[in-house]
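> Okay, sequence plus prediction incoming.
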Amino acid sequence: MKITIKPEALAWFKSELEIPKGQGVRFFGKVYGKTDVHDGFSIGMNVDTPEKPIAETTEEGILFFADEADEWFFKGYDLIVAYDEKLNEPKYEFSEAK
């Protein structure tokens, strides 16, 4: 799994979240909702400390990651975090992992 953060989404995270040293933005699967590859599940995010990351990337000093507990949700996919201008929030897209 690979995590890609688009510049517009990075700007949103920088302006909206305070991330203490040693922590980052965790992406995880949650019950209810829908993604373009999951029915009945959506993606959540919070500020957290990585325990057993399965994927991580650092952009302008901000760590973005997914932990082993959510491998079931991301298995076989890469995550692209874009920005939805109309909703003023991150938009999550999946592509098949290469």
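Nice, thanks for sending it over.
> On the three-state scheme, the residue of the chain most remote from its centre is what?
Distance from the C-alpha centroid of the chain peaks at residue 86, with 19.4 Å (Cα atoms, centre = their mean). Under DSSP: H, G, I helix; E, B strand; the rest coil, residue 86 falls in the coil class.
> residues in contact with stretch 57-71?
Applying Cβ atoms under 8 Å, 6 or more residues apart in numbering, the external contacts of stretch 57-71 come out as 1-5, 10, 13-14, 19, 23-29, 50-56, 73-74, 79, 81. To be clear about C-beta, it is placed using only N, CA and C from the backbone, and glycine gets the same treatment.
> Residue 85 - nearest residue in space that isn't next to it in sequence?
Nearest non-adjacent residue to residue 85, counting by Cβ to Cβ, 6 or more residues apart in numbering: residue 8, 7.8 Å away.
> same thing with residue 75?
Nearest residue to residue 75 in three dimensions, chain neighbours excluded: residue 1, at 7.7 Å (Cβ to Cβ, 6+ apart).
> Can you give me the buried ones in the longest helix seen in the chain?
The longest helix of the chain (DSSP state H) is helix 7-16. By neighbour count on 16 or more other Cβ atoms under 10 Å, the buried set for helix 7-16 is 9, 10, 12, 13.
> would TSV of these with pLDDT and distance to residue 64 be doable?
Below are those laid out as TSV (pLDDT from 0 to 100; distance: Cβ to Cβ, whole Å):
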residue	pLDDT	distance to residue 64
9	97	9
10	97	9
12	97	12
13	96	8
